[in-house]
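K.L.:
here is my input; please provide its structure:
(one chain, ligands or ions: 3)
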Amino acid sequence: MKTDVILGLQWGDEGKGKIVDVLAKDYGVVARFQGGPNAGHSLEFEDKKVVLHSIPSGIFRDNTINIIGNGVVLDPVIFYQECQALEKMDIPVKERLMISRKTHLILPTHKIIDRASEQSKGASKIGSTLKGIGPTYMDKTGRNGLRVGDILTKDFRQRFEALKEKHRIFLKQFDYVYDINESEREWLEATDYIKQFNIVDSEYVINNIMLKGNTGVLAEGAQGSLLDIDFGSYPFVTSSTTICAGACTGLGIAPTQIGNVYGIFKAYCTRVGSGPFPTELNDQTGEELRRIGHEFGATTGRSRRTGWLDLVALKYAVMINGVNRLIMMKADVLDTFDTIRVATSYICDGEATDRVPYDINARIEPVYREFRGWKRDLTGIRREDELPVEFMDYLRFIEKETGVPVAIISVGPDREQTIVR
Ligand code: GDP
Ligand code: IMO
Ligand code: MG
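P.N.:
Numbers count the residues shown, from 1 in each chain. Ligands and ions are numbered 1, 2, ... in the order given. As a prediction, the model looks like this:
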């Protein structure tokens, strides 16, 4: 059985956590393949609300094994706190979770470097979550990193000290005051805690499960395609491969073993952090989207920028991911709008285009198509044939433009508020 992939098609926060939790009941394995605690994946069910940062969103399903893949970067302290919270909810997290030996560790000094680097950029800062993501991936590709498997080695402490020393020297270039030993004890204790988990060669685990074929694997993406290190609005991106190909490298799955690619998008757009956002609304409508959609970050609490759906960007994301099933989230947030707009092309520095431009400083004016709002509460609807015609017009237009069917429509944050077509 092949591995299905679920990933964000916008700038993150599309609702991946909710949908992975919904779909997880049909998969024996849910595996995160990239990113780290910069992610905040929200789940709501049975009056519970949970935000996961490093743990895959299949953790609440009794018969699902969750894997933190080699492509992920793990902060032991945040991981420890997440596990404690789950254990309080009686989730047997140690039984349900495996961690790849090859997962890279976020050190306290990675977070310091993240902060120092952002501060040095001034007004052109990325708007990073400051979780140490960029510096940890830098050490990974620079071949200096520490991995989860290293925790089990005798000289782990020496290697930690050696990397810390490298960071101390690196930090000299910044005019930044810090305490090098910041939260070190907590971090070392948390690495010790990780030893209690099932630390595995997850590429073997996943490939063996696929080979046996009696249960499916679902790969859970973090962030979104427009934050991808290669295809996002560089440098205003994250430091990992957020697109489908990242599931191959982040889990050790061959491209030929990828099955369905589920692409998640909100019925409008949001972005948190800096960088271009062509359809951004800096007006009352944008404020309404933020208020109704509760658009405040699940990890940092920052207010999210809001705007209309951007089909130029969505089609780009569908293309680079090979999406064959779309999932539309937060349709209910548009319930009260008289008119809904969708960008179908751009005027880029005066020229019409239907492509995402290379130049992030290009002056983009979106060309919009308008749709009549449905002006009905979608949150209680559970069947497609009960959806208003105006909503279906909007949905069908997106399907026609992208050439991909919408398989799932989400009409509220709860697990139950989901229409599977
Ligand atoms: P993720 O990072 O992609 O998992 O998304 P986040 O959890 O950061 O943000 C999505 C937010 O929207 C969370 O607060 C969810 O509870 C909420 N949400 C998810 N689906 C829906 C939906 O269909 N309607 C509404 N109103 N909220 C939703
Ligand atoms: P989930 O998985 C939304 C953004 C940050 C910043 C940029 C780089 O919840 O969708 P980083 O901390 O990676 O150095 O930040 O990427 N960003 C996210 N935005 N959702 C996320 O994750 C994000 N993870 C990172 O705001 O602009
Ligand atoms: Mg999020």
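K.L.:
for the residue lying closest to Asp175 once chain neighbours are set aside, helix, strand, or coil?
P.N.:
Distances taken as C-beta to C-beta, 6 or more residues apart in numbering put Ser120 closest to Asp175, at 7.4 Å, once the chain neighbours are dropped. C-betas here are computed from N, CA, C, even on glycine. Here Ser120 is recorded as helix under DSSP: H, G, I helix; E, B strand; the rest coil.
K.L.:
show me what contacts Ser120?
P.N.:
Contact partners of Ser120, counting by C-beta atoms under 8 Å, 6 or more residues apart in numbering, are Phe174, Asp175, Tyr176.
K.L.:
Lys315: which of those is nearest?
P.N.:
Within these, distances to Lys315 taken as C-beta to C-beta reach their minimum at Phe174, with 40.1 Å.
K.L.:
helix or strand: which one has the closest residue to the closest one other than its chain neighbours?
P.N.:
Nearest non-adjacent residue to Phe174, counting by C-beta to C-beta, 6+ apart: Ala116, 4.0 Å away. Taking DSSP states H and E as the criterion, Ala116 maps to helix 108-121.
K.L.:
the helices in the chain, which residues?
P.N.:
Secondary structure of the chain (DSSP state H): helices at 16-24, 76-88, 93-96, 108-121, 133-141, 156-170, 184-194, 202-212, 245-251, 284-292, 311-321, 389-402.
K.L.:
for ligand 1, what are the nearby residues on the stretch 301-421 of the chain?
P.N.:
Met329, Lys330, Asp332, Val333, Ser410, Val411, Gly412, Pro413 (C-beta under 6 Å from any ligand atom).
K.L.:
those: which ones sit near ligand 2?
P.N.:
Among these, no residue is within reach of ligand 2 (C-beta under 6 Å from any ligand atom).
K.L.:
which positions in the stretch 251-400 of the chain make contact with ligand 2?
P.N.:
Proximity of the stretch 251-400 of the chain to ligand 2 (C-beta under 6 Å from any ligand atom) is limited to residues Val272, Gly273, Ala298.
K.L.:
indicate the residue of the protein located nearest to ligand 2.
P.N.:
Distances between the chain and ligand 2 by C-beta to the nearest ligand atom are smallest at Gly273, namely 2.0 Å.
K.L.:
local confidence estimate at the closest residue in space to that residue that isn't next to it in sequence?
P.N.:
Excluding the flanking residues, the one nearest Gly273 by C-beta to C-beta, 6+ apart is Gly127, at 2.8 Å. Note on Gly127: pLDDT of 95.
K.L.:
kindly report the same for Gly69.
P.N.:
In this model, Gly69 is scored at 98, pLDDT.
K.L.:
right, and Arg304 touches Phe296 too?
P.N.:
Yes. Arg304 lies in contact with Phe296 (C-beta atoms under 8 Å); the separation is 6.5 Å.
K.L.:
sorry, back to before: right, so of the helices of the chain, which gets closest to Gln34?
P.N.:
helix 245-251 (4.6 Å).
K.L.:
need the contact partners of that closest one.
P.N.:
Contacts of helix 245-251 (C-beta under 8 Å, 6+ apart): 3, 5, 7, 31-34, 67, 69-72, 202-203, 206, 219, 221, 228, 240-241, 253-255, 258.
K.L.:
of those, select the buried ones using a ChimeraX command.
P.N.:
To isolate the buried members of those in ChimeraX, using 16 or more other C-beta atoms under 10 Å:
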select :3,5,7,31,32,33,34,67,69,70,71,72,202,203,206,219,221,228,240,241,253,258
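K.L.:
so of the contacts of helix 245-251, which ones are in strands?
P.N.:
Using DSSP state E, Thr3, Val5, Leu7, Ala31, Arg32, Ile67, Ala219, Ile258 are the members of the contacts of helix 245-251 that sit in strands.
K.L.:
which residue, other than its chain neighbours, is closest to Ala352?
P.N.:
Once flanking residues are discounted, Ala352 sits nearest to Ser345: 6.2 Å by C-beta to C-beta, 6+ apart.
K.L.:
need the contact list for the one you found.
P.N.:
Val312, Ala352, Thr353, Asp354, Pro366, Val367.
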